[in-house]
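Q: Mind looking at a prediction? Sequence and model below.
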Amino acid sequence: SNWTKIPPPLFKKVVIVLIDALRDDFVFGSKGKQFMPYTTQVVEKGTSYSFIAEAKPPTVTMPRIKALMTGSIPGFIDVIVNLNSPALLDDNLIWQAKTAGKRIIFYGDDTWVKLFPKHFVEYDGTTSFFVSDFTEVDDNVTRHLDRVLKREDWDLLILHYLGLDHIGHMTGPNSPLVGPKLHEMDNILKKIHISLLSKEEASLPNLLVVCGDHGMSETGSHGGSSEGEVHTPLLFISSAFEKRSGPVTQPELVQQTDLASTLAVGLGLPISRNSVGNLILPVVGGKTMREQLRFVHLNGFQLSRLLRENTPAYEKDPGYEHFKIAEKSHGNWIKLYLEGNNSEILLNLGKKVLKQYLEALKTLSSSLSKQVAQYDVYSMMVGTVIIMEVLLLLLLSVPKALSSRAEFEVPLSPPLFSLLFYLMCLMLCAVHVIVCTSAENLCYFCSMSWLTAVGVMMLISALMCGILSAIAKVFENSRLPLKNPVVSSSSWSEVDVLILAGTIGHVLSLGASSFIEEEHQTWYFLINTLCLVLCQELCRNTFLLKECDPQHSTTVKQNFDSIGEASECKNIDIPAASNSKLGKASSSAEFIKGSDKWISLASPWIILICCRLLRSLNQTGVQWAHRPDFGHWLTSSEHKSELSFLAAVSLLMIFFLVQRRCSLVSKIAMALGLLGVYSYRAAIGNVIFPWQHDSKDISKGITEARFVYVFVLGIVFTGTKDLLKSQVISADSSMKITGLWEVYSGLVLLAALLFRPHNLPVLVFCLLIQTMMTKYIWRPLKFDAAQITIMHYWFGQAFFYFQGNSNGIATVDVSAGFVGLESYVEIPAIFLTAFATYAGPLLWAIHLLCYLSSE
């Protein structure tokens, strides 16, 4: 009769210890046995239940706290909101506990304080964004422990430790810093567990919950959906449970959202209204059959009510049907129970009803979870149509805009008064009415006022008519006789066809999610193909044209020759380069026999080898990101000397490739800056100096990083000064080229500082490929600006993936934003993280500027 009332609490005090980025293998794997002996003993032989909780992406802190406390599945917008969390207004466990008069104490990540303002009787927040802090951020939580555990004036204690997450971001999951941090966490758990056991009363036991909000990927980051990121340990430790016996089994997989409903039942609170989680049955397994059935019925009732509110045809849902059948069986079981029938049959029947309930809960939960992924397709389609129309109109206008008259005409006045325009408006308004009156779910576009909707329809119609009249004009112009047929006829080379087909093909490939996940494969394929086509062009110009077109052959030889002579002067000197053309005809015959011809022919193959080596450095994408790569081998602690050697060689190579066009002052600054980069990496323990035997004195390297920043700013300032001088005082193009190159070399130095040491070869190969392409491919083959621009774009995109980036948020290296910073400063952190992420495309874009201005 009292089934609507909330059952009494099962536990007196509950302590939740949330260890940020705690992967399941850190507790249940070899690391757990080695560094967390107490926790391992409790899991294997103590009074505990252990599970692997699966988190749904995005695996970043704020959405995961939401999932743990509300039982609902947050959306992807929470990735952005994660940077500055607003107060949580959804029904949640913390609010329910406060309403029920529970006293809650919190220490740890200040995201909780922002999400739940005025909910805690006592709190101390630590900042989560300063990722180079491994120790203070956890000590600030632990320092309160002894005092709080002695007190009796609290019911719920929440501790959120960030140190492990910060170590992951800075040095990865295989770092030597992970072990000591896990050991520190083990000692804290031991202290809390012993304290809870000593304070227990006979009436109600206490409960310790240990969990992670998300895991970490093989690079130490998180946000995506790889196994390491979504699987976290979930431990319930209490004297109320039976002692574990028998062989150690693999923990069962549960959903992270299940914690909210389980804790609600444990604390005697209502289950959060929007929770899609299921009760984790073993936690209440020690109770009588009647109580267990009551708990799962409460959970089922809450899920079915949520389904009823969100689905019009809820009665046909299989989960709802199962729940109603289980509820009926439950009623029959209660009748037998009240008749005083305590036989074995009653127990077996109870188990059967329990099984029915659990199946119903599972089905209800999955159908509610699927509703999260429902999208407003109609509004999205309207937006897409407008974007595509504008794009098409621009594409039709581009040839005119780029012609000698540079006119940009969009014919709008005739279409606005045409019959087609009004017919389209009427037809679109009719479609809008039909869609909005038949749509079951709320649609953003339908919720707009009719005036706004009609305005949008008129815009779509006007753009469509504009496109049609623009196409008609193109056809009219094509029928007119050509004024100069000889000049206008142009033949397309293989390079042109590849560039156009490749660019359009890549755009079309983005229509499939699997191509977005593995976009790096598209770019690797395109640049490999481009290298082969360039090889063919070089062979044709070197060997074939000699026989069939002696005049053309000479011009190609002359191109090589002028390059050979121009590159001899260190700073590009335009008068010298033009004077060298006088001796071109006589010297070209000897020059083509020289070594440069063979280097030029070999250059596409050298570039192909470089690209192949870069591919094996970082595995990226989704499908094969977990596979071991050369980067993982280098970053493991036992290969520190190899990594140090590679980093030193890479920094030397960067200096030799960049300094050739810099002024003397910039060369010295560059050399000192690169030395500073190595010192910074040695200070934070990534690499070692030859005279170092161990890296015990690890610091944050703030002084070393700031030393490098001074040189970066100095070089960029020198370059900017030269640029301004060339623009304002004298129209000297050589000064402009030197200025641009110095700005470029300053940004190369910044990239060298922000890149992880194992990624420095990416920077070396980037500079090497740019040098080879400039000297041996672009200049000799006389490509035009459009072709060179698209080649730069292709290589820039490929280098984005060579860095180890992907379209998943987990590959963003957050640690780059804290190089040289003592605390979290928003603007520099955002700039540095963005620069480190997009360094590949940015460096190729700036190199394009340098190249085009030098030509």
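A: Alright, I've got the coordinates. Every value quoted in this text rests on a predicted model; they were computed, and no experiment measured them.

Q: rest of the way, CA atoms for contacts and neighbours
A: Noted.

Q: Who is residue 124 paired with across the strands?
A: Here residue 124 shows beta-bridge partners residue 107, assigned using DSSP bridges.

Q: what's it in contact with, if anything?
A: Taking CA atoms under 8 Å, 6 or more residues apart in numbering, we find residue 124 in contact with 106, 107, 108, 110, 141.

Q: how about those residues, which pair is most distant?
A: Within those, 110 and 141 form the most distant pair, 11.3 Å apart (CA to CA).

Q: The two: which is more packed in?
A: Applying other CA atoms under 10 Å to residue 110 and residue 141 shows that residue 141 carries more neighbours, namely 21 against 18.

Q: Which stretches in the stretch 601-750 of the chain count as helices?
A: If DSSP state H, counting those that start in this stretch is used as the criterion, the helices of the stretch 601-750 of the chain fall at 630-635, 640-658, 664-683, 702-728, 733-754.

Q: Go through the ones you listed and pick out the most buried.
A: Mean neighbours per residue, mean count of other CA atoms under 10 Å, is largest over those for helix 733-754, with a mean of 25.

Q: Let's test this: mean pLDDT of that one, rounded?
A: Averaging pLDDT along helix 733-754 yields 93.

Q: per-domain residue ranges of the protein.
A: Domains of the chain are assigned by the TED database as 13-285, 288-372, 377-476, 519-545+593-853.

Q: For residue 492, which of those domains is the nearest?
A: Residue 492 lies closest to domain 519-545+593-853 among those, at 11.8 Å (CA to CA).

Q: Ends of the closest one, what's the gap?
A: For domain 519-545+593-853, the first-to-last residue distance is 32 Å (CA to CA, to the nearest Å).

Q: Distance from the chain centre to that domain, please.
A: Its chain's C-alpha centre and that of domain 519-545+593-853 lie 21 Å apart, by CA atoms, centre = their mean, to the nearest Å.

Q: Repeat that for stretch 5-18.
A: Relative to the centre of its chain, stretch 5-18 is centred 36 Å away, using CA atoms, centre = their mean.

Q: For it, give me every contacting residue.
A: Residues contacting stretch 5-18 (CA under 8 Å, 6+ apart): 154-161, 204-213, 265-270.

Q: Could you check the pLDDT of residue 845?
A: At residue 845, the pLDDT value in this model is 96.

Q: Secondary structure class of it, three-state.
A: In three-state terms, and counting by DSSP: H, G, I helix; E, B strand; the rest coil, residue 845 is helix.

Q: which residue packs closest to residue 618, ignoring adjacent ones?
A: Distances taken as CA to CA, 6 or more residues apart in numbering put residue 804 closest to residue 618, at 5.0 Å, once the chain neighbours are dropped.

Q: meant to ask about residue 608, not that
A: Nearest to residue 608 is residue 528, by CA to CA, 6+ apart, at 6.4 Å.

Q: center of the protein, which residue is that?
A: The centroid of the chain falls nearest to residue 809 when counting by CA atoms, centre = their mean (1.0 Å).

Q: quick revisit: if you tally nearby residues, what's the number for the residue nearest to residue 618?
A: By the measure other CA under 10 Å, the count of residues near residue 804 is 24.

Q: now do residue 312
A: Using other CA under 10 Å, residue 312 has 11 other residues around it.

Q: how far away is it from residue 305?
A: For residue 312, the distance to residue 305 equals 12 Å [CA to CA].

Q: May I have the residues that are in contact with residue 659?
A: By CA under 8 Å, 6+ apart, the contact list for residue 659 reads 666, 667, 670, 745.

Q: 6 Å instead, please
A: If you count contacts by CA atoms under 6 Å, 6 or more residues apart in numbering, residue 659 has them with residue 667.

Q: ok, it to residue 137 distance?
A: As judged by CA to CA, residue 659 and residue 137 stand 42 Å apart.

Q: Do I have it right that residue 134 meets residue 163?
A: Yes. Judged on CA atoms under 6 Å, residue 134 makes contact with residue 163 at a distance of 4.5 Å.

Q: Can you tell me the closest non-neighbouring residue to residue 347?
A: For residue 347, the spatially nearest residue (CA to CA, 6+ apart) is residue 289, at 7.5 Å.

Q: what about the one you found, how many neighbours?
A: Residues near residue 289, counting by other CA under 10 Å, number 16.

Q: Then the one 10 residues further on?
A: Burial of residue 299, expressed as a neighbour count using other CA under 10 Å, amounts to 25.

Q: pretty sure it is in a strand, no?
A: No. Counting by three-state DSSP, residue 299 falls outside a strand, being helix.

Q: what does the model give residue 257 for pLDDT?
A: Per-residue pLDDT puts residue 257 at 95.

Q: got the contact list for it?
A: Here residue 257 is in contact with 67, 68, 71, 277 (CA under 6 Å, 6+ apart).

Q: Let's see which of those end up in strands.
A: Among the contacts of residue 257, no residue falls in strands (DSSP state E).

Q: out of those, which is most surrounded?
A: That'd be residue 277 among these, by other CA under 10 Å, with 32 neighbours.

Q: Buried members of the contacts of stretch 5-18 into ChimeraX, please.
A: A single ChimeraX command selects the buried members of the contacts of stretch 5-18 (16 or more other CA atoms under 10 Å):
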select :154,155,156,157,158,159,160,161,205,206,207,208,209,210,211,212,213,265,266,267,268,269,270
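
Q: In helices, which of the contacts of stretch 5-18 fall?
A: In helices, judged by DSSP state H, the following of the contacts of stretch 5-18 are found: 265, 266.

Q: what about residue 653, distance to residue 596?
A: 21 Å.

Q: Kindly report the same for residue 92.
A: Taking CA to CA, one finds residue 92 at 71 Å from residue 596.

Q: Same question for residue 757.
A: The value you get for residue 757 to residue 596, if CA to CA is used, is 33 Å.

Q: Need the contact partners of stretch 26-38.
A: Residues outside stretch 26-38 that contact it (CA under 6 Å, 6+ apart): 179, 182, 183, 186.

Q: repeat that for 7 Å
A: Residues from elsewhere that reach stretch 26-38, judged by CA atoms under 7 Å, 6 or more residues apart in numbering: 40, 179, 182, 183, 186, 190, 233.

Q: re earlier: between residue 757 and residue 596, point out the one with more neighbours.
A: Neighbour comparison, residue 757 and residue 596: the larger count goes to residue 757, with 24 against 17 (by other CA under 10 Å).

Q: Next one, pLDDT for that one please.
A: 94.

Q: hang on, it packs against residue 647?
A: Yes. In this structure, residue 757 is within contact of residue 647 by CA atoms under 7 Å, at 5.7 Å.

Q: Can you give me every residue that contacts the residue lying closest to residue 58 once chain neighbours are set aside?
A: Distances taken as CA to CA, 6+ apart place residue 223 nearest to residue 58, at 5.0 Å, with adjacent residues excluded. Going by CA under 7 Å, 6+ apart, residue 223 touches 57, 58, 59, 60, 809, 810.

Q: same deal with residue 262?
A: Contact analysis of residue 262 by CA under 7 Å, 6+ apart lists 279, 280.

Q: Then it would be within a strand, right?
A: No. Counting by three-state DSSP, residue 262 is not found in a strand; it is helix.

Q: For it, give its distance to residue 369.
A: 18 Å.

Q: cool, and residue 346?
A: Going from residue 346 to residue 369 by CA to CA gives 34 Å.

Q: ok, back up a step: remind me which helix or strand the residue nearest to residue 608 belongs to.
A: Under the criterion of DSSP states H and E, residue 528 resides in helix 519-539.

Q: Sweet, I'm off.
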